[in-house]
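>>> Test case, fold it:
(6 chains)
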Number of protein chains: 4
Amino acid sequence: MARKPADQSVDREDILWAAAEVLHRNGYDSTTMKDIAAQVNLTAASLYHHFKNKDFLLLNVLELGLDFTIEKLETVANADLSNAEKLAGMIRSHVVCVTGNVAVGAAMVFEIRSLLNASLSSKIGDDTFMEEFVARRNQFFARRDYFEGLFRDTIQAGMDTGEFREVDAATVTRAMMGAHNWISVWFKEGGRLSGEELADVMVDTWLAALRK
Amino acid sequence: MARKPADQSVDREDILWAAAEVLHRNGYDSTTMKDIAAQVNLTAASLYHHFKNKDFLLLNVLELGLDFTIEKLETVANADLSNAEKLAGMIRSHVVCVTGNVAVGAAMVFEIRSLLNASLSSKIGDDTFMEEFVARRNQFFARRDYFEGLFRDTIQAGMDTGEFREVDAATVTRAMMGAHNWISVWFKEGGRLSGEELADVMVDTWLAALRK
Amino acid sequence: MARKPADQSVDREDILWAAAEVLHRNGYDSTTMKDIAAQVNLTAASLYHHFKNKDFLLLNVLELGLDFTIEKLETVANADLSNAEKLAGMIRSHVVCVTGNVAVGAAMVFEIRSLLNASLSSKIGDDTFMEEFVARRNQFFARRDYFEGLFRDTIQAGMDTGEFREVDAATVTRAMMGAHNWISVWFKEGGRLSGEELADVMVDTWLAALRK
Amino acid sequence: MARKPADQSVDREDILWAAAEVLHRNGYDSTTMKDIAAQVNLTAASLYHHFKNKDFLLLNVLELGLDFTIEKLETVANADLSNAEKLAGMIRSHVVCVTGNVAVGAAMVFEIRSLLNASLSSKIGDDTFMEEFVARRNQFFARRDYFEGLFRDTIQAGMDTGEFREVDAATVTRAMMGAHNWISVWFKEGGRLSGEELADVMVDTWLAALRK
DNA sequence: CATGAATGAGAGTTCATTCAT
DNA sequence: GATGAATGAACTCTCATTCAT
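Presented below is the predicted three-dimensional model:
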């Protein structure tokens, strides 16, 4: 979690991490632009220099989180490993990302609906506004599907090679996503389990569920 | 599960089911009293004859959903079954509840935070208001823990009797809760799997994860 | 905290006349909802009970003014008179309307552009919103053309019967509209000329311009 | 009339013509400094190197338009012609100016009110600011009266010499101003009538109205 | 000269809530 | 009970304007 470097130059990404934190605390609707601005020592009006509006700001937060997570995941997904090892690595990656960035993780779980409703409240003003928003939002969802697909494909591949028992890969993947996403709800830094330890438990659980 | 009564006499519970639906669509903050009222052919003002304020209304929705689910669950939890059979039954119960009542299920996942923030924004006006609210909210959370505890205890018992392999019961339970809660996000009535079938997959998955 | 306003019940039309006055003073953009509300002892928020938004309020003001004027005009336009007499009556009607209602008259001259720009800033929210707005706006413009057409037709008819000399009826009509509209800019109640006297001058001028 | 210079060196007058155009499209209040700046490839901040503030910019636009028109008019007004010929020339001059420069013409009609309101919103900060503004604004209005006076005087003179019939010169002049100003509202370049042709119609109309 | 960043002030709008009817 | 009217509070967003670079 990147803190405020100083009080001077605030750039887009600083705002995004700060925003994620506030979002995590209050949820999209209860979070005001003023809240976010305060977190980076700006006024609400100043935020509009960096983001077209609140919806875009949310979208940027989510994109940041997803990009960050996907990047980590792809390293593992592209490695030359057995499907079991690969899945283990992917689960660990995902869980570590979530525990290391609870705020963003939570945003990705809880604010999706706000993202969907967002288009409705968008002004017409500039058609470009909404068009760009919808385009980027769709891309976000596509990448989200891609992300989930990485897990599903690995499970399927493991079934094909006989490493895993036969299951409903799509549903098991969704169960897994749910389990991992839910972490951002209950995980507390400094609790009984570290992020790494939690990742171990998850890996153990899911591999057990899939073992023959 | 049972809703939609006559169109004339609107009672508290009608409003709650309707509210859950709107809440599911829009989220707590984006849902206006007017939205909820419209769903039952009332005006916003009229809602105040039935509920003290919006926060209480939400609390009532959540209580309704939780009571409903716990009731089903206790039937199984108190039955004279092996721990594996019991856990299977509980999972099935939970999943069927969620799939049969996506709206309320989603509310219980997504609007908890609103419930927490609620106390903060409560008007000080009537101390009794807030006191009662906080008391009932705490009770709600206690019952929620109790609900989760039913699962955890069964897993633990299964481990104790040797039916299940040794796992971190608390964490596995949370994984399970996450997986089940997440259902309300993606499940569509009439999709590839019915609620019952989905329940089967979940039972299979979790028992596999716990088998020795 | 709902308070009782001093004035009894304020209805839509009261607001419209008041709004016209403020609009006349400040122009659409410089007029705030608060300004209009203050004029009728309401808060800005209360205006939204009566009008969907500022654009609709303006539209209502203009509709009111146009309806009022057209009604007067049609009485004359449908009477059994020579074209010269008819035109005289119409001019007198128009001028008296404008001088008797400077505020609304001015609104109809100066705020048309705001009406046109209005659609752009309308929210999507409810498609119905914008659709209704555009529909009513178009109807307004159609009625405005109809209004102008009454003059043009009478001039043309007078030319056809030989009462008037040959002129470019459309352009003369526009000159006339301009002259009459402009009255709302400079006319002061209690000045050198009463509304009736001014009407006489206008009638004299235009009939002189058209006489053979 | 002459606009559009190079694209590099932007000077005050370029900005004014550009501003007039934007003003014509949107009106003073809806026109932002950014809009005007964009029209000449500058940023809003840069405009402040050329004009003290938005009010002054508007004032400059109006001054430019009025000076331009008066200059043309004085040529005719000072010529050695009969009053009828003089009035014809003046009308032609005015109409041609308006049709050739719809934007500025419209600004002079529609933005006068903004000019009036401007003083009120002026920041107190620099007294000099407001003093200078008010002084120049008053001068503008004086010149505007002078402009209208040229017409009125010619009509009066024509009545005195018996060229024109007896009318209320002041009121007829205002009717004329209204008719001419209104042109900027409806005139479209490339329409049925050219500016010159429209001028002919106007000359014909007003001389007919004044002929004995 | 030009500009990117920042901001105070304020506008339109929404909404939970109250109260007289 | 039910509702129409009203409102205070709060929010998103805009904009003229300043200033350091």
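>>> drop to CA atoms for contacts and neighbour counts, all remaining ones
Will do.
>>> ok, so what distance separates the closest residue to chain B within chain A from residue C:185?
Residue nearest to chain B within chain A (CA to the nearest CA): residue A:209, separated by 3.7 Å. As for residue A:209, its distance to residue C:185 is 83 Å (criterion: CA to CA, to the nearest Å).
>>> quick one on the thing from earlier: and the residue of chain A closest to chain B, how many neighbours does it have?
Counted with other CA atoms under 10 Å in any protein chain shown, the neighbours of residue A:209 add up to 21.
>>> And the pLDDT at it?
At residue A:209, the model reports a pLDDT of 98.
>>> That one contacts residue B:205, doesn't it?
Yes: when contacts are counted by CA atoms under 8 Å, residue A:209 is listed as touching residue B:205 (5.7 Å).
>>> Tell me the residues of chain A that contact chain B?
By CA under 8 Å from any CA of the partner chain, the residues of chain A that approach chain B are A:26-27, A:29-30, A:110, A:113, A:117, A:168, A:171-172, A:174-183, A:198, A:201-202, A:205-210.
>>> Buried subset of those, written for PyMOL?
The PyMOL selection below is limited to those of the residues of chain A next to chain B classed as buried (16 or more other CA atoms under 10 Å in any protein chain shown):
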select buried, chain A and resi 26+27+30+110+113+117+171+172+174+175+176+177+178+179+180+181+182+183+198+201+202+205+206+207+208+209+210
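>>> can stretch A:38-47 be found next to chain D?
No: using CA under 8 Å from any CA, stretch A:38-47 stays clear of chain D, coming no nearer than 15.8 Å.
>>> what's near enough to touch the residue lying closest to the residue of chain A closest to chain B once chain neighbours are set aside?
The shortest distance from residue A:209 to any non-neighbouring residue, by CA to CA, 6 or more residues apart in numbering or on different chains, is to residue B:209 (3.7 Å). For residue B:209, the contacting residues are A:205-210, by CA atoms under 8 Å, 6 or more residues apart in numbering or on different chains.
>>> Among these, which are located in strands?
Judged by DSSP state E, strands contain none of these.
>>> what about the helix or strand bottoming out on mean pLDDT in chain A, near DNA strand E?
The weakest-scoring helix or strand in chain A, judged by mean pLDDT, DSSP states H and E, is helix A:112-121 (a mean of 77). No: Helix A:112-121 lies out of reach of DNA strand E by CA under 7 Å from any atom of the strand, never closer than 9.0 Å.
>>> That helix packs against which elements?
The helices and strands touching helix A:112-121, judged by 3 or more CA pairs under 8 Å, 6 or more residues apart in numbering or on different chains; DSSP states H and E, are helix A:54-77, helix A:127-160.
>>> Include mean neighbour count and distance to residue C:43 when you put those into TSV, please.
Converted to TSV, those look like this (neighbours: other CA atoms under 10 Å in any protein chain shown; distance: least, CA to CA, whole Å):
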stretch	mean neighbour count	distance to residue C:43
helix A:54-77	19	28
helix A:127-160	16	33
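>>> Dump those into CSV; add distance to residue D:141 as well.
As requested, these are arranged in CSV below (distance: least, CA to CA, whole Å):
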stretch, distance to residue D:141
helix A:54-77, 45
helix A:127-160, 41
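>>> Dump those to a markdown table, plus mean pLDDT and distance to residue D:131.
Formatted as a markdown table, the helices and strands packed on helix A:112-121 follow (pLDDT from 0 to 100; distance: least, CA to CA, whole Å):
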| stretch | mean pLDDT | distance to residue D:131 |
| --- | --- | --- |
| helix A:54-77 | 94 | 42 |
| helix A:127-160 | 93 | 42 |
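>>> from memory residue A:108 sits against residue A:65, does it?
Yes: counting by CA under 8 Å, residue A:65 is a contact partner of residue A:108 at 7.5 Å.
>>> Quick one, grab the pLDDT at the single nearest residue of chain A relative to DNA strand E.
Here the residue of chain A nearest DNA strand E is residue A:46; by CA to the nearest atom of the strand that distance is 3.2 Å. Per-residue pLDDT puts residue A:46 at 96.
>>> Number of residues surrounding it?
Look at residue A:46: counted by other CA under 10 Å, it has 13 neighbours.
>>> re earlier: among the contacts of residue B:209, which pair sits farthest apart?
Based on CA to CA, the longest span within the contacts of residue B:209 runs between A:205 and A:210 and measures 8.8 Å.
>>> Would you mind listing what in chain A touches DNA strand F?
Proximity of chain A to DNA strand F, by CA under 7 Å from any atom of the strand, involves residues A:29-34, A:44-46, A:48, A:52-55, A:122.
>>> Chain C: which of the residues you listed is nearest?
Distance ranking of the residues of chain A next to DNA strand F against chain C, using CA to the nearest CA, places residue A:122 first at 7.0 Å.
>>> and the gap between whatever residue of chain A ends up closest to DNA strand F and residue A:115?
Residue of chain A nearest DNA strand F, by CA to the nearest atom of the strand: residue A:32 (3.3 Å). According to CA to CA, residue A:32 stands 15 Å off from residue A:115.
>>> Roughly how far does the residue nearest to residue A:209 sit from residue A:206?
Per CA to CA, residue B:209 is found 7 Å from residue A:206.
>>> re the thing from before, could you check the angle helix C:127-160 makes with the least confident helix or strand of chain A?
Comparing the axes of helix A:112-121 and helix C:127-160 via axes from the mean of the first three to the mean of the last three CA atoms, to 10 degrees yields an angle of 10 degrees.
>>> and the angle for helix A:112-121 with helix A:54-77?
Inter-element angle recorded for helix A:112-121 and helix A:54-77: 140 degrees (by the same axes, to 10 degrees).
>>> list the buried ones in helix A:112-121?
Under the neighbour-count criterion of 16+ other CA under 10 Å, helix A:112-121 has A:112-115, A:117-119 buried.
>>> JSON lines for these, including distance to residue D:79?
Output for those, formatted as JSON lines (distance: CA to CA, whole Å):
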{"residue": "A:112", "distance to residue D:79": "76"}
{"residue": "A:113", "distance to residue D:79": "75"}
{"residue": "A:114", "distance to residue D:79": "72"}
{"residue": "A:115", "distance to residue D:79": "71"}
{"residue": "A:117", "distance to residue D:79": "70"}
{"residue": "A:118", "distance to residue D:79": "67"}
{"residue": "A:119", "distance to residue D:79": "65"}
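>>> what residues are up against residue A:35?
A:22, A:44.
>>> quick one: residue A:200 and residue A:92 touch, right?
Yes: taking CA under 8 Å as the definition, residue A:200 is a contact partner of residue A:92 at 7.0 Å.
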